[in-house]
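J.: Model the following, please.
(chains A and B)
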Number of protein chains: 2
Amino acid sequence: MAAALLACDWGTTNLRAWTLDEAGGVVAERDFDLGVSRLTPGEAGRRFQEEVQPALDAVGLPAILCGMVGSNLGWTSVPYVDCPAGLPELAGSLASVEAHAAWVRIVPGLRCEGLVGAPDVMRGEETQILGWVAQDPARARGRRVVCHPGTHAKWVLVEEGRIARFVTVMTGELFAVLSKHSVLKGEGGADDPAAFEAGLAAAGDGDALAARLFTARSRVVGGGAPAAGTPSYLSGLLIGAEVASAPRLLGLQGGEPVDLLGDARLCGFYRRALERRGLAVETFDGEAAARAGLFALYQQGGRS
Amino acid sequence: MAAALLACDWGTTNLRAWTLDEAGGVVAERDFDLGVSRLTPGEAGRRFQEEVQPALDAVGLPAILCGMVGSNLGWTSVPYVDCPAGLPELAGSLASVEAHAAWVRIVPGLRCEGLVGAPDVMRGEETQILGWVAQDPARARGRRVVCHPGTHAKWVLVEEGRIARFVTVMTGELFAVLSKHSVLKGEGGADDPAAFEAGLAAAGDGDALAARLFTARSRVVGGGAPAAGTPSYLSGLLIGAEVASAPRLLGLQGGEPVDLLGDARLCGFYRRALERRGLAVETFDGEAAARAGLFALYQQGGRS
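T.: Alright, predicted model coming up:
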């Protein structure tokens, strides 16, 4: 079928774009090195018109965009929608921008009451998570616990198909900055299963993280462990600490099954950490969910 | 009096040197931009002979060095001494190196059983802490809890004048890498008392640190807090989490008074965090303690 919609997940480091047909099927897809962290103020709209729309043969097609493109670093700052919120609330708050005279909308992020009185926020994951809900009506019934791993991992409580509450854990960013800039920078890749398991074991119940982190160093200089295992150990320690504490932060009793949504390799690490704690896990593809969410918002958001 | 000893605290980022007289009094002092992290392998001894000894008019004087100079990044790798250990154990394990035919010794670091089966280690702080003990005989009686803030903060249990156990918390390094390289990098300095207090309040009991850290971001983008306060908030959050969990990691009941040893400004932040938890605090100068420790080890280590 012919392309009917240009759908974009436009985040901090990358822009992923698809053209979709009238049934939501993929016509074409492409990645752009246009993460909003690399854009100068005011640049997003121009790059979208000059590069993204033409590259996907989508000039004039309606377009819908989610992610950090809706922040003050992106195209325009779209106010957050407060939780609880589902697709109808997002569809009713799309922001309108101009590009080649087409219908172009940006999905708002979500805000909820967070830890210690500070609100928590997300931009982009809400579209993936509610798209995942839209993929199967069974997911809109009762309560689901969704974990979306990443730079800023999101743990999300979905109740009756709406996002009730969430909490952000900086696991991915901690791994990145510690691996690159700290005394914990390692020589190897993050692919040493035994070191990853040791890291999981070192995570305890997720308390005293800044002390546990030093064991990634001391086990090498004081205990003779090979430095090549440090990235995997660090990954296990951070992910282990996250899965140990995040359910509690959501007010859960513990033991609830977890739905993992995102990058397959990263979800694999999380699956191991969750299963080690005795939790039932299912893994789902984040990209398919993002497309489903963008398509649903296009359908519900109208072309007014 | 005339200089009788060249004493150096030679760490990762800096070398601080003093010449001391036969009573341990300071004759001269100087800092060198020769932290071992900036040295190439094998360079430490040459730079010491060519720059440090001549600059302090100390060629031919006995010299004693503590800190990372005794690691594989420094002059020579000195094996750790296992806890419990006091000045006698350190004095009996000084490592000998060659420089202008003088008596030159490097103080070994300490190792103890750490968290999760990995040994914990220190190099340099042991000399400060045992020097602090040597400064006042009362400190060698009973049990003292010493906190040495820094890049890798050390919490140390001193029993009958010996270091019984310690735990390292990466608070300083986390602050540095997050302030410089993460989404939490701030625009202001770390001198906003209200933001620091808010960070202390956000630290909770030191659990779920990777989630609490994100509140430094979300309070700004979702809650309208000024971004200029982020460094102080981050500092309060990290220090608050450390002081909440470190005593427990040492096996303490909680409530024990804490002796702070180190940089005055940093100790001031820790004092505030500890007092907020109702703990009695005394603060002591780390440099004077380092000199006292080096001088005591020189006296006890003999010039064999």
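J.: Please count neighbours and contacts with C-alpha atoms only from this point.
T.: OK.
J.: Show the contacting residues for the closest residue to A:Tyr298 other than its chain neighbours.
T.: Among residues not flanking A:Tyr298 along the chain, A:Ile64 sits closest, at 6.8 Å (CA to CA, 6 or more residues apart in numbering or on different chains). A:Ile64 sits next to A:Leu5, A:Leu6, A:Ala7, A:Cys8, A:Val104, A:Arg105, A:Ile106, A:Val107, A:Leu294, A:Tyr298 when contact means CA atoms under 8 Å, 6 or more residues apart in numbering or on different chains.
J.: which one among the residues you listed gets closest to chain B?
T.: Of all the contacts of A:Ile64, chain B sits closest to A:Val107, with 16.2 Å by CA to the nearest CA.
J.: Tell me the spacing between that closest one and B:Val146.
T.: 52 Å (CA to CA, to the nearest Å).
J.: How about A:Pro231?
T.: Applying CA to CA to A:Pro231 and B:Val146 gives a distance of 31 Å.
J.: And these two? Which one has more around it.
T.: Neighbours were counted for A:Pro231 and for B:Val146 using other CA atoms under 10 Å in any protein chain shown; A:Pro231 has more, 28 against 23.
J.: What helix or strand is the residue nearest to A:Tyr298 located in?
T.: strand A:63-66 (DSSP states H and E).
J.: In a strand, A:Phe284, correct?
T.: Yes. Assigned with DSSP: H, G, I helix; E, B strand; the rest coil, A:Phe284 falls within a strand.
J.: so what's it up against?
T.: By CA under 8 Å, 6+ apart, the contact list for A:Phe284 reads A:Asp259, A:Leu260, A:Leu261, A:Gly262.
J.: Likewise for A:Glu242?
T.: A:Val169, A:Thr171, A:Gly206, B:Ala208, B:Ala210.
J.: run the last query once more with 7 Å
T.: A:Val169, A:Gly206 (CA atoms under 7 Å, 6 or more residues apart in numbering or on different chains).
J.: I'd guess it is in a strand, am I close?
T.: No. Per three-state DSSP, A:Glu242 lies outside any strand segment and is helix.
J.: how close does it sit to A:Ala153?
T.: For A:Glu242, the distance to A:Ala153 equals 9 Å [CA to CA].
J.: if we can go back for a sec, in strands only, show me the contacts of A:Ile64.
T.: If you go by DSSP state E, these have A:Leu5, A:Leu6, A:Ala7, A:Cys8, A:Val104, A:Arg105, A:Ile106 in strands.
J.: What mean pLDDT does the strand holding A:Ile64 get?
T.: For strand A:63-66, mean pLDDT rounds to 97.
J.: and if you look at stretch A:70-87?
T.: Averaged over stretch A:70-87, pLDDT sits at 96.
J.: mind listing what's buried in it?
T.: A:70-71, A:73-87 (16 or more other CA atoms under 10 Å in any protein chain shown).
J.: got the residues of chain A near chain B?
T.: A:111, A:116, A:118-121, A:168-171, A:177, A:181-182, A:202, A:206-212, A:214-215, A:218-219, A:222-223, A:245 (CA under 7 Å from any CA of the partner chain).
J.: Out of those, list just those in helices.
T.: A:171, A:177, A:181, A:202, A:209-212, A:214-215, A:218-219, A:245 (DSSP state H).
J.: Poorly predicted segments of the stretch 51-200 of chain A, please.
T.: Where the stretch 51-200 of chain A drops to pLDDT under 70, the residues are A:188, A:190.
J.: Can you show me the strands along it?
T.: Here the stretch 51-200 of chain A has its strands, by DSSP state E, counting those that start in this stretch, at A:63-66, A:81-82, A:95-97, A:104-106, A:110-113, A:119-122, A:143-148, A:153-159, A:162-169.
J.: Those into TSV, with extra columns for distance to B:Asp285?
T.: Listed next are the strands of the stretch 51-200 of chain A as TSV, based on distance: least, CA to CA, whole Å:
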stretch	distance to B:Asp285
strand A:63-66	53
strand A:81-82	50
strand A:95-97	57
strand A:104-106	56
strand A:110-113	43
strand A:119-122	40
strand A:143-148	47
strand A:153-159	41
strand A:162-169	37
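J.: For whichever residue of the stretch 1-150 of chain A sits closest to chain B, grab the count of nearby residues.
T.: The nearest approach of the stretch 1-150 of chain A to chain B comes at A:Ala118, 4.9 Å away (CA to the nearest CA). Using other CA under 10 Å, A:Ala118 has 23 neighbouring residues.
J.: Near A:Arg248, how many other residues are there?
T.: 12.
J.: meant to ask about A:Glu282, not that
T.: As a measure of burial, A:Glu282 has 12 neighbours, counting by other CA under 10 Å.
J.: who's it bridged to?
T.: Applying DSSP bridges to A:Glu282 gives these bridge partners: A:Asp259.
J.: gap between it and A:Pro41?
T.: In terms of CA to CA, A:Glu282 sits 40 Å off from A:Pro41.
J.: what's the answer for A:Ala164, then?
T.: Distance from A:Ala164 to A:Pro41, by CA to CA: 33 Å.
J.: which residue is nearest the middle of chain A?
T.: Nearest to the geometric centre of chain A sits A:Glu125, at 4.6 Å (CA atoms, centre = their mean).
J.: helices or strands up against the host helix or strand of A:Ala290?
T.: Taking DSSP H and E as the criterion, A:Ala290 maps to helix A:286-301. When contacts are defined as 3 or more CA pairs under 7 Å, 6 or more residues apart in numbering or on different chains; DSSP states H and E, helix A:286-301 sits against helix A:87-91, helix A:125-134.
J.: Let me know which of the ones you listed is tucked in deepest.
T.: Of all these, helix A:125-134 carries the top mean neighbour count, a mean of 26, counting by mean count of other CA atoms under 10 Å in any protein chain shown.
J.: All good on my end, thank you.
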